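>>> Got a sequence here, can you model it:
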Amino acid sequence: MLEFFKEGLLQFLSYSGFGNCTWGHIIMICIGLVFIALGIIKEYEPLLLVPIGFGIIIGNIPFTDGLQVGVYENGAVLNYLYFGVVKGFYPPLIFLGIGAMTDFSALISNPKLILIGAAAQFGIFAAYITALLLGFTPMEAGAIGIIGGADGPTAIFISSKLAPSMMGAIAVSAYSYMALVPVIQPPIMRALTTPQERLIRMRPPRAVSHREKVLFPMMCILLTAFLVPTGLPLLGMLFFGNLLKESGVTKRLANTASGPLVDIVTILIGLTVGASTQATNFLRPASVLIFVLGAFSFVIATASGVLFVKFFNLFLKGDNKINPLIGNAGVSAVPDAARVSLIEGQKYDRTNFLLMHAMGPNVAGVIGSAVAAGILLSFLY
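Numbering: from 1, shown residues only. Predicted coordinates:
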């Protein structure tokens with residue numbers, strides 16, 4: 001009888017997390033706890049970091065293969081939920097919600113701000129070239145480069161097509177840098193601007209009519225989709241969501257897209273992306289290199305936006321000049337990057353409100369990252 005209980009206990013322990021735990025699991029669980037702490041204590045993108053952090057913990061609970069509980073095991077619940085990431089249909093739903101909650105008025109009133117969003121995408125292609133030089137394949141390099149757009153859904157969409165095996169590292173890297181926008185960007189902005197440039201006051205944006213707001217998404221989808229049809233899943237849903245918002249006759253649909261729908265998909269995408277970072281698949285030298293390249297891409301994107309404004313100002317006069325502090329907002333982290341522009345500007349002039357101006361390149365960055373994704377898919381997929 002004693003031997004029977006002993007064998008039963010040993011078998012139980014062999015199936016438990018304690019019997020299958022490795023240092024890799026412990027490291028990843030600690031990383032998940034850090035993500036949760038940053039989201040709750042520091043309030044760095046808590047809607048993203050808390051689900052991702054908890055997903056990392058779930059994904060790194062040790063278990064015996066064959067129990068159908070892991071995100072990579074066929075038939076597991078997590079595997080079914082992860083299907084939306086693997087097949088890339090969660091990101092377009094996120095873009096639908098973003099479109100339904102985004103006001104493009106700042107961009108419509110000052111169209112030249114779209115050039116800042118375009119300039120910030122240089123970080124994507126700089127990281128792409130660097131990744132190629134470091135030995136990544138063209139498809140892997142394309143998936144890594146998109147991190148510079150600071151757009152988690154786009155990074156997931158691209159990596160699901162170009163580098164599925166790297167999706168976990170790329171997605172976590174992209175969301176991490178999105179959350180760390182208030183930490184990473186200000187030093188770059190201060191280093192690249194002069195005290196006089198930080199005090200530039202921009203002309204108030206003009207009022208935008210309802211007709212302009214309705215025509216904008218329809219004109220944009222025709223222009224961008226004809227240019228890069230491969231970006232249609234993201235661009236189409238983005239501008240469809242915006243049309244729902246601005247038409248004035250589909251408020252219920254717009255409220256659903258910008259509220260319950262985007263919240264549900266955010267939960268699913270955060271939790272499953274976090275769970276995909278199982279130690280056996282995640283803790284590799286390539287993952288560390290992806291994080292380094294992602295940081296490089298994000299820094300270049302921020303610097304490119306700021307430097308482009310400085311260059312553009314050489315051709316502008318008087319109150320047409322643009323404050324370079326909004327150049328950082330060319331990345332796709334809406335609205336955090338625009339908020340950073342406001343906070344940095346008010347450190348030097350508390351009466352200088354840059355938020356509405358910064359929202360122009362910020363929403364342009366959303367469009368720009370989707371277009372850049374379409375360009376990469378056109379050449380690589």
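>>> Just the buried residues of the longest helix seen in the chain, please?
What stands out as the longest helix in the chain, according to DSSP state H, is helix 285-313. Within helix 285-313, the residues that count as buried by 16 or more other Cβ atoms under 10 Å are 287, 289-291, 293-309, 312-313. C-beta here means a position set from N, CA and C on the backbone, and glycine is covered the same way.
>>> buried ones in stretch 213-229?
213-214, 216-217, 220-221, 224-225, 228.
>>> for stretch 91-109, same thing?
Buried-residue list, stretch 91-109, by 16+ other Cβ under 10 Å: 91-102, 104-109.
>>> Among the residues you listed, which lie within strands?
If you go by DSSP state E, those have nothing in strands.
>>> Contacts made by stretch 101-112 with the rest, please.
Contact partners of stretch 101-112, identified using Cβ atoms under 8 Å, 6 or more residues apart in numbering, comprise 113-114, 205-208, 212-213, 216-217, 241-242, 245, 258, 262, 312, 334, 356-361, 363-364, 366.
>>> Can you say which of the residues you listed are buried?
113-114, 205, 208, 213, 216-217, 241-242, 245, 258, 262, 312, 334, 356-361, 363-364, 366.
>>> Which ones among those lie within helices?
114, 213, 216-217, 241-242, 245, 262, 312, 356-361, 363-364, 366.
>>> Model confidence at Val292, what's the number?
pLDDT, Val292: 90.
>>> any idea how far Val172 is from it?
14 Å (Cβ to Cβ, to the nearest Å).
>>> how many neighbours does the residue nearest to Gly142 when sequence neighbours are not counted have?
Once flanking residues are discounted, Gly142 sits nearest to Leu376: 4.3 Å by Cβ to Cβ, 6 or more residues apart in numbering. Around Leu376 sit 26 other residues, with neighbours defined as other Cβ atoms under 10 Å.
>>> what does the one 5 residues further on give?
As a burial measure, the neighbour count of Tyr381 was computed by other Cβ under 10 Å and equals 12.
>>> Check Thr193 too.
Quick note: Thr193 (other Cβ under 10 Å) scores 22 neighbours.
>>> Over to Leu132?
16.
>>> likewise Ile129?
By other Cβ under 10 Å, neighbour count at Ile129 equals 11.
>>> Could you check which helix or strand contains it?
helix 122-133 (DSSP states H and E).
>>> Counting by contacts, list what that helix packs against.
Packing partners of helix 122-133 (3 or more Cβ pairs under 8 Å, 6 or more residues apart in numbering; DSSP states H and E): helix 138-145, helix 285-313, helix 355-380.
>>> now with 6 Å?
Secondary-structure packing of helix 122-133 (3 or more Cβ pairs under 6 Å, 6 or more residues apart in numbering; DSSP states H and E): helix 138-145, helix 285-313.
>>> chain center to that helix: distance?
Relative to its chain's centre, helix 122-133 lies at 17 Å (Cα atoms, centre = their mean, to the nearest Å).
>>> cool, and stretch 189-206?
That offset, for stretch 189-206, works out to 26 Å (Cα atoms, centre = their mean).
>>> contacting residues around it?
By Cβ atoms under 6 Å, 6 or more residues apart in numbering, the residues outside stretch 189-206 that reach it are 106, 109-110, 306, 319, 321, 323-325, 328, 344, 348-349, 352, 356-357.
>>> What is the nearest of those residues to Val273?
Asn328 (25.3 Å; Cβ to Cβ).
>>> coming back round to it: mind putting the helices and strands packed on helix 122-133 in CSV, distance to Met167 included?
Formatted as CSV, the helices and strands packed on helix 122-133 follow (distance: least, Cβ to Cβ, whole Å):
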stretch, distance to Met167
helix 138-145, 8
helix 285-313, 10
